[in-house]
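A.B. asks: Quick one, what's the 3D model for this:
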Amino acid sequence: MSLWLCLRFEQLPLQCLSHCEQQPVVVLAAQRVVRANDCAAALGIRQDMGTATVRALAGNEPVRLLERDEQAERRCLQQLCCWAYSITPTLHTYQSDCLQLEIGGSLNLFRGIDTLLAEVTSGIGSRGYEARYALAPTPKAAWLLSFATQDTAMAMQQPLTERLNPLPLNLLQEFTNTVDSLRRAGLHTVGDVLALPPTALGRRCGKEFTHFLQQLLGQREDLQVDYHPPATFSDEYWYGYEVKTNDELLPALQLLLQSLCRFLRNTQLQTGEINWQLIGIDHQVRDVCVRSASNHSDWENWYQLSTLRFAQVTLTDSVEGLTLICEHLRPGQQDSIDLFSPRNQREPLTSLLDRLHSRLGLQAIEKVGCRDEHLPEFAALISSDHPGNEQHSNEHCAQRPFWLMPQPKALRQQGKQLYWQGALDLVYGPERIEDNWWHEAVSRDYYVATDSGGQHYWVFRDRLGRQWYMHGVFE
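C.D. replies: As a prediction, the model looks like this:
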């Protein structure tokens, strides 16, 4: 059975623009009040008041007047959708201030409605939003019931029509003309309309209004386009006060990274680079890039790297907001772990390299690798190990030792037996290498040899000089 949760953010025009509750703030559209915060409401400022009335009520009290930004509202709704995707994959926006979540299939995951609603309330609150919510078998009924004042848990035990009946018709603002006509006829609530015969209602109110009522009651399918996660991630946090020290940034870092990694797990993606934007009081933006040697979705690892990176940043101006952007996403690959002895798992080498890079800089760490050269003495190289520097491959070094001698040393040979501090047995090979013909021709057959103690060596026979040499020792 479908169960829809409607989250209606009635203060969204205000919350997406203002994050300070210390002074009266009013959002205007066409010189009329759209939303006012609690400080402004305490002065008597109400919705639909004009600008002149607002100034008169404020008197000597300074009031912050903001123009409504519908684009910012849509952006905030999309960020909320990204968060809600961890609750259910079936969701969509509704009107300009609502999220509709189908949570019937998520109840087992959260082990009940109470736990799920607690998760929703915590998630919304941590992001600085407030929402009115309601539950119903259809999305439109859940939206309409979000205007009711009754308790959700108790209301779910009542039939849907009983819950809808007392709601006023003037909530259906998209059918203003129809509602006005019904009110003139003495019909003021949803129950008054639902009591009419369907045939008479259809003739009086038209097809669109009738279809709305049928979708409201679940008698007609309500088709909506489900939300799909974007190709990139972006989220922001507004402090509501001036941040002047790096330590004050840390709680928002953790919150945004948890949001990012929840998004990465839900979409089965990983990343090796994130970008922070510090938004100043003067709206100047400062970029801070954090990189990792591997792609992953571990927020604790990203948090550790970010704190190391921000420790090197000096805040010259106060910060009001923080934005996290991640554009370089890759398909996720889960690392295998030991199921029976997780305590014995050692920290991956990439985690150590990430911390060293963040503390010392990308050029401070170097690695020994291989380049595409045939002769072993030319194949080894030392390079900086940082993301994006992956043109060198180690796949050809599998049968080669890590340590090579500065110069090959001749082996003693008696008959077909080779000696190097004892007799040697050839156990693998040959691998023929021929190169450098344009300068000084080289032709060698390489073998892996062992001694009586089990030590492995890398030896070769110079085919031109007909002599055996020791070139390296395996670990």
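
A.B. asks: what pairs with Cys326 across the strands?
C.D. replies: In this entry, Cys326 is beta-bridged to Phe233, by DSSP bridges.

A.B. asks: wait, what's in contact with it?
C.D. replies: By Cβ atoms under 8 Å, 6 or more residues apart in numbering, the residues touching Cys326 are 232-234, 260, 271, 273-275. Any C-beta I mention is one placed from the backbone N, CA and C, and that applies to glycine too.

A.B. asks: could the residues you listed be laid out in CSV, adding pLDDT and neighbour count?
C.D. replies: Formatted as CSV, the contacts of Cys326 follow (pLDDT from 0 to 100; neighbours: other Cβ atoms under 10 Å):
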residue, pLDDT, neighbour count
Thr232, 90, 11
Phe233, 91, 23
Ser234, 90, 17
Leu260, 92, 22
Thr271, 92, 22
Glu273, 92, 16
Ile274, 93, 23
Asn275, 95, 16
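
A.B. asks: so where's the chain shaky on pLDDT?
C.D. replies: 19-21, 150-155, 333-364, 366-374, 377-399 (pLDDT under 70).

A.B. asks: show me where the stretch 101-250 of the chain has strands.
C.D. replies: Secondary structure of the stretch 101-250 of the chain by DSSP state E, counting those that start in this stretch: the strands cover 132-136, 233-243.

A.B. asks: Please apply the same query to the stretch 301-450 of the chain.
C.D. replies: Going by DSSP E, counting those that start in this stretch, the stretch 301-450 of the chain shows strands at 319-326, 329-331, 366-370, 380-384, 403-410, 412-414, 417-419, 423-435, 442-450.

A.B. asks: angle of the first one against strand 233-243?
C.D. replies: Orientation check (axes from the mean of the first three to the mean of the last three Cα atoms, to 10 degrees): strand 319-326 against strand 233-243 gives 160 degrees.

A.B. asks: returning to that earlier point: got the strands of the stretch 301-450 of the chain as TSV, with distance to Gln47 columns?
C.D. replies: Below are these laid out as TSV (distance: least, Cβ to Cβ, whole Å):
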stretch	distance to Gln47
strand 319-326	27
strand 329-331	41
strand 366-370	63
strand 380-384	60
strand 403-410	78
strand 412-414	98
strand 417-419	94
strand 423-435	81
strand 442-450	83
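
A.B. asks: Nearest to Cys39, out of those?
C.D. replies: Closest to Cys39 of those, according to Cβ to Cβ: strand 319-326, at 18.5 Å.

A.B. asks: What residues of that closest one count as buried?
C.D. replies: Buried residues in strand 319-326, defined by neighbour count with 16 or more other Cβ atoms under 10 Å: 319-326.

A.B. asks: Of these, just say which sits nearest to Asn266.
C.D. replies: Cys326 (13.6 Å).

A.B. asks: most remote residue from the chain's center?
C.D. replies: Gly415 (67.9 Å; Cα atoms, centre = their mean).

A.B. asks: which of the contacts of Cys326 sit farthest apart?
C.D. replies: Ser234 and Glu273 (14.0 Å).

A.B. asks: Show me what the helix or strand harbouring Leu260 packs onto, helices and strands only.
C.D. replies: Assigned by DSSP states H and E, Leu260 falls within helix 250-267. Secondary-structure packing of helix 250-267 (3 or more Cβ pairs under 8 Å, 6 or more residues apart in numbering; DSSP states H and E): helix 70-84, strand 233-243, strand 269-280, helix 299-310, strand 319-326.
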